[in-house]
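Undergrad: structure of the sequence below:
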Amino acid sequence: MSVLWRGDDGYEEARLAAVWNELKPDRHPAGIVLAETEQDVVDAVTLARERGLKVKARSGGHSWTGSSVRDDALLVNLAALNEVTVDPATRTATVQPGAQGRTLNALLEPHGLIFPTGHCPTVGVGGYLLQGGWGWNSPSVGPACVSVVGVDVATADGELVHGDADTNPDLLWAARGAGAGYFGIVTRFHLRCHPRPASMMSSVYVYPMDVLDELLRWAAELQETLPPQMEFVILGMTPRNGLDVEEGDPALVINANVFFDTDEESARALGVLEDCPVRDRAVAAEPCRSVTMDELYDMGAGAEVPGFRWAVDNMWTDAGPDELIPAIRDLFLELPTPASHVFWMRWRPQEIPDSALSVTGKTYIAAFSGWTDPGDDERLRYWGRDHMRRLAPLSKGIQLADENLLARPESRYLSDEANARLEALRAEWDPDDVFCSYLKG
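TA: Model (predicted):
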């Protein structure tokens, strides 16, 4: 087990590298463990207890607030724990927290299987699965956490235990949605995989901002009729990523991806986008294009690109178009930088059984501010938060994937019942408060 204590050579590089975002937190762990085995993780917890330190794990480092980096705690970096095994006979896989979604699906593909990993290919599965897992084809197969059937967990007692529906079921329940509030370190996830769709297609349309009201109203009315196999999002952004449109002014980008058994089904589902009432105003269109998983991952990597300072906040809402559209117009029309963008995602409300995950809505809206100059930090880091506070009367709560509890600690992220159960389990499994919980301002 390799440990870098504060002041050691390499510590500062490891601290900064623990966060993908260029907006690095001004927080300094007492030490950083570079775990290479599951036993290293167990030993790290034991070491922390001996030294009176709290513990926080990091898998992919994509938390927007750098939640894993805590003052005076022991940071356990799980990036090197990236083993993936596949059992095609049982359609299951095991995956360590540092593995990335692109790697997992590349290993599943020869067996005709797929898993709803995160859209961004460089996200580690650990944090992604713990916070719920809103990934490829999730409207159809559910958030990724419901396909987690077991977890191996390093507990506060310094033991490695297994949790599933029959053994330590509370460990599995909390691993399905507790996110940064989990009271242990998951060293391995056991996954139920899904048959790989034979047809994957994508449609992209770019519209000018001056059709905002008509487009959003059409989308809000349309999305409840869309099939489960379709992901439907609208981005308010400055177009990029090779679209055949001049960069410059912000625009509305519709991206729909479908996962069916035949190309005919895919094309028929995407065909409804051609009936948009402002279709003749589109400045670019790429309808019904067959795509591979690698191409989808490349698309997913294009929104929040490396090298920028990012801040984000979000909300779930069930508000109808009459309430929602007038309220969010300024969010779309006042993008503060060319990298900044607004994300509107249709969600299909569905049962999420035996899971801490308990807050969703019909529409998910997130606001991302992106910039490069540290001198803009104070101006831009609260742009999304301020809009979400303004929109709070329409919000059901937030998604932990894009949480900003540091700036908006009042956010609702679990139902009252789920939160009470989580805290009761924390008192049972971590009575000495060894593991850091949510990072709240």
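Undergrad: contact partners for A174?
TA: Y182, F183, A356, L422, L425 (CB atoms under 8 Å, 6 or more residues apart in numbering). All C-beta atoms are positioned from the backbone trio N, CA, C, and that covers glycine.
Undergrad: repeat that for 6 Å
TA: By CB atoms under 6 Å, 6 or more residues apart in numbering, the residues touching A174 are Y182, A356, L422, L425.
Undergrad: quick one, helices of this protein?
TA: 11-17, 38-51, 101-108, 125-130, 138-141, 169-175, 212-222, 263-270, 293-300, 321-333, 377-380, 383-390, 416-429 (DSSP state H).
Undergrad: mind checking which of those is nearest P29?
TA: helix 11-17 (6.8 Å; CB to CB).
Undergrad: so which of the helices of the chain comes closest to G248?
TA: Nearest to G248 among the helices of the chain is helix 321-333; the distance by CB to CB comes to 15.5 Å.
Undergrad: which strands and helices lie in contact with that closest one?
TA: helix 212-222 (3 or more CB pairs under 6 Å, 6 or more residues apart in numbering; DSSP states H and E).
Undergrad: tell me how far the helix it packs on lies from the chain's centre.
TA: Helix 212-222 sits 25 Å away from the centroid of its parent chain (CA atoms, centre = their mean, to the nearest Å).
Undergrad: I would like the residues contacting it, please.
TA: Helix 212-222 is contacted from outside by Y207, I234, L252, C276, P277, V278, P321, I325, F332, using CB under 6 Å, 6+ apart.
Undergrad: same check on stretch 356-371?
TA: With CB under 6 Å, 6+ apart as the contact definition, stretch 356-371 has outside contacts at 132, 145, 174, 176-178, 308-318, 336-337, 339-345, 347, 380, 383-384, 387, 396-397, 402, 414-415, 418, 422.
Undergrad: buried members of those into PyMOL, please.
TA: In PyMOL, this line selects whichever of the contacts of stretch 356-371 come out buried by 16 or more other CB atoms under 10 Å:
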select buried, resi 132+145+174+176+177+178+308+309+310+311+312+313+314+315+316+317+337+339+340+341+342+343+344+345+347+380+383+384+387+397+402+414+418+422
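Undergrad: among the contacts of stretch 356-371, which are in strands?
TA: 309-317, 341-345 (DSSP state E).
Undergrad: related to what we said a few turns ago, of the contacts of helix 212-222, just the buried ones, PyMOL syntax please.
TA: Entered in PyMOL, the line below selects the buried ones among the contacts of helix 212-222, by 16+ other CB under 10 Å:
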select buried, resi 207+234+252+276+278+325+332
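Undergrad: list the buried residues for stretch 20-38?
TA: Using 16+ other CB under 10 Å as the test for burial, stretch 20-38 gives 20-21, 23, 25, 27-35, 38.
Undergrad: er, stretch 112-124 I mean
TA: L113, I114, F115, P116, T117, G118, H119, C120, P121, T122, V123, G124.
Undergrad: what sits closest to N105 if chain neighbours are left out?
TA: Nearest residue to N105, sequence neighbours excluded (CB to CB, 6 or more residues apart in numbering): M293, at 5.3 Å.
Undergrad: now the one you found: how far from D275?
TA: Computed with CB to CB, to the nearest Å, the distance linking M293 and D275 is 28 Å.
Undergrad: quick one: which of those two has more around it?
TA: M293 (19 against 9; other CB atoms under 10 Å).
Undergrad: tell me the domain ranges of the chain?
TA: Domain assignment for the chain by automatic domain parsing gives 2-77, 84-195, 199-300, 309-416.
Undergrad: could you identify which of those domains is most buried?
TA: When the domains of the chain are scored by mean count of other CB atoms under 10 Å, the highest mean neighbour count falls to domain 84-195 (a mean of 21).
Undergrad: OK, contacts around L425?
TA: Applying CB under 6 Å, 6+ apart to L425 gives the contacts D170, A174.
Undergrad: distance of it relative to S68?
TA: From L425 to S68 the distance is 21 Å (CB to CB).
Undergrad: which non-adjacent residue is nearest D330?
TA: D330's closest residue in space is H387 (CB to CB, 6+ apart), at 7.5 Å.
Undergrad: pLDDT value on that neighbour, please?
TA: For H387, the model assigns a pLDDT of 98.
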